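Q: Whatever this is, show me its structure:
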Amino acid sequence: MKQTARPSGRISFAAVPFEEPPWHKVLLAPLVVLSNALLVLWIYPCWRTTRIRWSPALDGLTALTQDTGRSLIFYSWHKYEPLVLCGMRDVPAELRPTGIGHDGLLSRMLQRATAWFGFRVWVYRRRSPVPPRQQIAEMVKERRCNVGLFADAGGPYGRVKPGLAEIARATGAWLVPVVVRGRPTLRFRWPRRYAFPLPFCTLLAHYGEPIDGSDATVEQCQQALEATEARANSR
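A: Predicted coordinates for the structure are as follows:
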């Protein structure tokens, strides 16, 4: 698939009351810069050389958004994060999701790099009286944008968190389970299990039947993502 033009990425924050993070987090700023720089150095050669194919083709999702006027919530397991980042390279502008992050250290270690690759990143406040799921839902309704979420981020891994279905019901968005497989990749099992693409690898991005978020349940989301992963593993 031909690469689309890379839009300008940016980072924005939830406009809600919040407590400032502990003072010692300022001392970790160099670590944040370093981790983002290392991710860019790793991903950029892959971004330029990787071959990506979506199964099924993305035309169906484009038609769905045009026919219904509703947002899409792409969701996947956290372990696929680097592969999903590359897999979204060729997604058309009308489908490209805004990445959701938080203002904690682990999320900040990836946000600048993600924005550099042309994705918008929206950051919710963890130390706020407004719950994260409400912050995210209000943003989706206000901007009418597509978003990307990792359904088990923060653990327990392999289990969809209830907040995903709650956000979908609050916004009426379509839930789209996504699993990206690649060859060759480099796998790490510590501190968390990740698969990183290598230059000139081939990525096959699978997505499942969209779920109507108006009445979605966490069980539906779990089963749909597991079914998508099983289909990806059978290829």
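
Q: Do a quick rundown of the strands in this protein.
A: Using DSSP state E, the strands of the chain run over residues 10-13, 51-55, 72-76, 98-102, 120-124, 147-150, 174-188, 194-207, 211-212.

Q: Distance to A224 and mean neighbour count for these - can I get that in JSON lines?
A: Where you see a C-beta, it was placed from the backbone N, CA and C, and this is true even at glycine. Shown next, in JSON lines, are the strands of the chain (distance: least, C-beta to C-beta, whole Å; neighbours: other C-beta atoms under 10 Å):
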{"stretch": "strand 10-13", "distance to A224": "29", "mean neighbour count": "14"}
{"stretch": "strand 51-55", "distance to A224": "15", "mean neighbour count": "16"}
{"stretch": "strand 72-76", "distance to A224": "9", "mean neighbour count": "26"}
{"stretch": "strand 98-102", "distance to A224": "19", "mean neighbour count": "22"}
{"stretch": "strand 120-124", "distance to A224": "24", "mean neighbour count": "21"}
{"stretch": "strand 147-150", "distance to A224": "14", "mean neighbour count": "22"}
{"stretch": "strand 174-188", "distance to A224": "5", "mean neighbour count": "19"}
{"stretch": "strand 194-207", "distance to A224": "10", "mean neighbour count": "19"}
{"stretch": "strand 211-212", "distance to A224": "6", "mean neighbour count": "19"}
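
Q: can you tell me which residues contact the residue nearest the centre of the chain?
A: Computing the C-alpha centroid of the chain and ranking residues by C-alpha atoms, centre = their mean puts G148 first, at 3.5 Å. Applying C-beta atoms under 8 Å, 6 or more residues apart in numbering to G148 gives the contacts I73, F74, Y75, S76, V84, M88, P97, T98, G99, I100.

Q: Check G172 too.
A: R70, S71, G213, S214.

Q: Equivalent analysis for T68, please.
A: Contacts for T68 (C-beta under 8 Å, 6+ apart) come out as W174.

Q: can you check the one 3 residues further on too?
A: Taking C-beta under 8 Å, 6+ apart as the contact definition, S71 lies against T65, V140, R144, C145, N146, V147, T171, G172, A173, W174.

Q: OK, contacts around the nearest residue to L186 once chain neighbours are set aside?
A: Spatially, and ignoring its direct neighbours in sequence, L186 is nearest to F196 (4.8 Å; C-beta to C-beta, 6 or more residues apart in numbering). Neighbouring residues of F196 by C-beta under 8 Å, 6+ apart: W42, P82, L83, T185, L186, R187, F188.
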